[in-house]
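Visitor: what would the 3D arrangement of this be:
(4 chains)
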Number of protein chains: 2
Amino acid sequence: MAEQQGDAETSGGPRRGDRRPTMTDVAQRAGVSRALVSLVFRDAPGASDRTRERVFQVAEEIGYRPDSAARMLASSRSKVLGVLLTVRNPFHADMVESIYPVAERRGYEILLSAASPSRDERKAVDALLGHRCAGLLLLGPTLPSSYLAELGRKLPVVALGRRFPGADVDSVHTAEAKGVREAITHLVELGHRSIAHIDGGRGPGSAERRRAYRAAMRKHGLTEYIRVLPGDQTEESGSAQAKVLLAEGSRMPTAVLAGNDRCALGLLDAVWREGLQVPGDLSVVGYDDSHLAHLSHIDLSTVRQDPDRHAALAVQCVVDRLDGVRDGAEEFVLDPKLVTRGTTGPPRSSGIMSA
Amino acid sequence: MAEQQGDAETSGGPRRGDRRPTMTDVAQRAGVSRALVSLVFRDAPGASDRTRERVFQVAEEIGYRPDSAARMLASSRSKVLGVLLTVRNPFHADMVESIYPVAERRGYEILLSAASPSRDERKAVDALLGHRCAGLLLLGPTLPSSYLAELGRKLPVVALGRRFPGADVDSVHTAEAKGVREAITHLVELGHRSIAHIDGGRGPGSAERRRAYRAAMRKHGLTEYIRVLPGDQTEESGSAQAKVLLAEGSRMPTAVLAGNDRCALGLLDAVWREGLQVPGDLSVVGYDDSHLAHLSHIDLSTVRQDPDRHAALAVQCVVDRLDGVRDGAEEFVLDPKLVTRGTTGPPRSSGIMSA
DNA sequence: GCGCTCTACTAGCGCGCTCTAGCACCGACG
DNA sequence: CGTCGGTGCTAGAGCGCGCTAGTAGAGCGC
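Guide: Numbers count the residues shown, from 1 in each chain, chains lettered A, B, ... in the order given. Alright, predicted model coming up:
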């Protein structure tokens, strides 16, 4: 009763529904064995240059493309890295763009899985596991440490932008404290004293940034100006806190260190909208240097976390583990760098000389 | 000579490096055949409820998870849809979030592949094909029509947000003309006459929007006010055109229809920054209603393209083709809807009565 | 002639799964 | 008693590939 179209042999180009060509097809047409074709496509030694060329040519002709599924099935050691991201996060977007070329250079494919309000990170990770990823890169995961530890026991995992002490997983993140310290010092040198911080809530790096902010302020003798406003690394929280600050009129801080760039953006929009001048009335520093920050009309001073270096390190990290080079959990800490652009300047009313 | 670890039976939880459990493991431990386990996991008829339960329980115990790679290899009909997106595009992010639940409901997995400046769309599509996707959803592809046609011959493809007359692929997009018309009518009713349009360049839907803008302006007898500013659907182009407009002082248009939300955002930022009031000095309408638009501090009037409906239609479209329900290329046109928020209002100087 | 190494290639098993064909057993019916 | 249809299960053949073991042939030294 099984019905077939069954006439796939005859005519020219591939049509919808035609079986896609396999290695066997290439082998037959090139007059060699299947194994030889496999060799060629794996770029393994043992085939003459002439044959190699011939195989590639035939493959091109019939539109052959190796089947990753079969490939990873056959070689249990799959060449696929899974990436967990939050699809709306611009910094994650930057990271993904950086990850692709690095992984490719190392001979790995990338599989993306997005977490979102309707699809939690566990589910996204499950999908990656189902596809036989050899290792996982987790971008700013909010998964519980215990789950991560369990995951780390199954396959090499690296968390980006977040530390997981205790869990046996590698992590790559920036020295948050250093970035924050540089930002505060920059603002203080410009003459600011009342510098507030909009918190990043439970977001990656937030706890460290918050601590570092307090420490830096104390170091500059500005303990009395310490002020942490609640937030959550979104534009919404930036604009919400802007409203709070704007309501204070002249008692408003002269500078704000936002929890990340998105938060800074929300803040800027709200402040601009009220007709205030940046940096004249308020200086703003972001965190991440996502591509939003360099847009010319935003021109945000921010703390740069180099996505390329993050990506390179993270991929290296997982690949090394897969190759059995390393074993214990390691923490890679990158130095962030303050990038001063147009949103920071001396406060209008208090000159540098006032100190 | 084949060496085995062979002690997988004994100890407790899985350790790194342990072979991941397979169907055979589950079968053995549950005292049934491998085929039975397969049945159960495919939710196919032919197993008693008691056995079903037992199998699931054992699977849970040993942490079994079906291997999608092997699965799609075995059943040539893979249950995977590939999604091509531009990782930085917020509207794409919205779409992806909508696609996941719809696909899941239809029993399909989703594989994401991101295009970026360093990784062109062809490459991204190739990766999807390599993973045996049964069908493809292309978000705002900029691929040449001929390539798409070729792709469409190999597997069901649906393009979102862009029409491809000629190529044998389905498409889902909004009635751009209708959205633009509504937007212009809204502005005209508010009393605007000098309404400019920032073009979306070669972006999806731009050509249609440009044409519709011209037509709508003519329809309202505002031919002499028609003004199309060059752009490309990015924040940059929005802010760049803002500078052009601001330089014109009082001869500036009183309203702008941006090519998309991102462009509108760039425009807004630049305008706010110059201390102008929105909508007092300038009304702005976006296009997409990406999540940026509803952020409270942006509160952008925009033309809504419902991502949920787009996603549902697109997935349905591909799935139907896979099931052999439809055959010819079809075009699904959704009605967009103007959402009036805080960036549109009557122009300051010219009242409604002036007409 | 023999044995050796080196290159270029092939045979064939098995990765973890799906799926068709078929088997054992049950109660019902003539 | 024999045959039927149905239920619950199993055997086993692949899916497209990687990879190990092996083979054929050429070249070389003695």
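Visitor: what about the helix or strand harbouring residue A:196, average pLDDT?
Guide: Here residue A:196 sits within strand A:195-198, counting by DSSP states H and E. Averaging pLDDT along strand A:195-198 yields 97.
Visitor: which strands or helices does it pack on?
Guide: In terms of contacts (3 or more CB pairs under 8 Å, 6 or more residues apart in numbering or on different chains; DSSP states H and E), strand A:195-198 is packed against helix A:176-190, helix A:206-219, strand A:228-229, helix A:235-246, strand A:255-257. Every C-beta, even on glycine, is put in place using the N, C-alpha and C of the backbone.
Visitor: can you list the domain ranges for chain A.
Guide: Here the domain assignment for chain A is A:1-66, A:77-174+A:307-335, A:176-305+A:338-354, based on automatic domain parsing.
Visitor: quick one: check the shortest one for contact with DNA strand C.
Guide: Yes - counting by CB under 7 Å from any atom of the strand, DNA strand C has neighbours in domain A:1-66: A:2, A:32-36, A:38-39, A:46-48, A:50-51.
Visitor: just among the residues you listed, which is most surrounded?
Guide: In terms of neighbour count, residue A:36 stands highest of the residues of domain A:1-66 next to DNA strand C at 21 neighbours, by other CB atoms under 10 Å in any protein chain shown.
Visitor: tell me the SS of the residue nearest to that one when sequence neighbours are not counted?
Guide: When the adjacent residues along the chain are set aside, residue A:36 lies closest to residue A:47, with 6.1 Å between them (CB to CB, 6 or more residues apart in numbering or on different chains). Of the three states, residue A:47 takes coil according to DSSP: H, G, I helix; E, B strand; the rest coil.
Visitor: distance-wise, check residue A:47 relative to residue B:284.
Guide: For residue A:47, the distance to residue B:284 equals 62 Å [CB to CB, to the nearest Å].
Visitor: repeat for residue A:101
Guide: For residue A:101 relative to residue B:284 (CB to CB), the value is 37 Å.
Visitor: and chain B, is the lowest-mean-pLDDT helix or strand in chain A touching that?
Guide: Here the helix or strand of chain A ranked lowest by mean pLDDT, DSSP states H and E is helix A:291-294, holding a mean of 85. Yes - Helix A:291-294 lies within reach of chain B by CB under 8 Å from any CB of the partner chain, at A:291-292.
Visitor: tell me, how many residues neighbour residue A:210?
Guide: Neighbours around residue A:210, by other CB under 10 Å: 18.
Visitor: just the pLDDT for it.
Guide: 96.
Visitor: what does residue A:29 give?
Guide: For residue A:29, the predicted pLDDT is 93.
Visitor: A strand includes it, no?
Guide: No - read with three-state DSSP, residue A:29 is helix and lies in no strand.
Visitor: skipping adjacent residues, who's closest to it in space?
Guide: residue A:58 (4.9 Å).
Visitor: near DNA strand C, which residues of the stretch 51-200 of chain A? Just list them.
Guide: A:51, A:70, A:73-74, A:76.
Visitor: go with 10 Å
Guide: Contact residues, the stretch 51-200 of chain A versus DNA strand C (CB under 10 Å from any atom of the strand): A:51-52, A:54-55, A:69-76, A:130, A:132.
Visitor: in helices, which of those fall?
Guide: Applying DSSP state H to those, the entries found in helices are A:51-52, A:54-55, A:69-74, A:130.
Visitor: distance to residue B:213 for the domains of chain A - can I get that in a markdown table?
Guide: Shown next, in a markdown table, are the domains of chain A (distance: least, CB to CB, whole Å):
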| stretch | distance to residue B:213 |
| --- | --- |
| domain A:1-66 | 38 |
| domain A:77-174+A:307-335 | 29 |
| domain A:176-305+A:338-354 | 23 |
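Visitor: comparing those domains by mean pLDDT, which bottoms out?
Guide: domain A:1-66 (a mean of 78).
Visitor: are it and DNA strand D in contact anywhere?
Guide: Yes - Domain A:1-66 is in contact with DNA strand D by CB under 10 Å from any atom of the strand, via A:19-27, A:33-44, A:46, A:59, A:64-66.
Visitor: flag every residue of the stretch 251-355 of chain A that's near DNA strand C.
Guide: Counting by CB under 10 Å from any atom of the strand, the stretch 251-355 of chain A has no residue next to DNA strand C.
Visitor: what segments of the stretch 251-355 of chain A are strands?
Guide: A:255-257, A:283-288, A:301-304, A:331-334, A:337-339 (DSSP state E, counting those that start in this stretch).
Visitor: list the pairing partners of the third one within its sheet, with orientation.
Guide: Pointing back at strand A:301-304 there. Paired neighbours of strand A:301-304 in the sheet (DSSP bridges): strand A:283-288 (parallel), strand A:337-339 (antiparallel).
Visitor: good, wrapping up.
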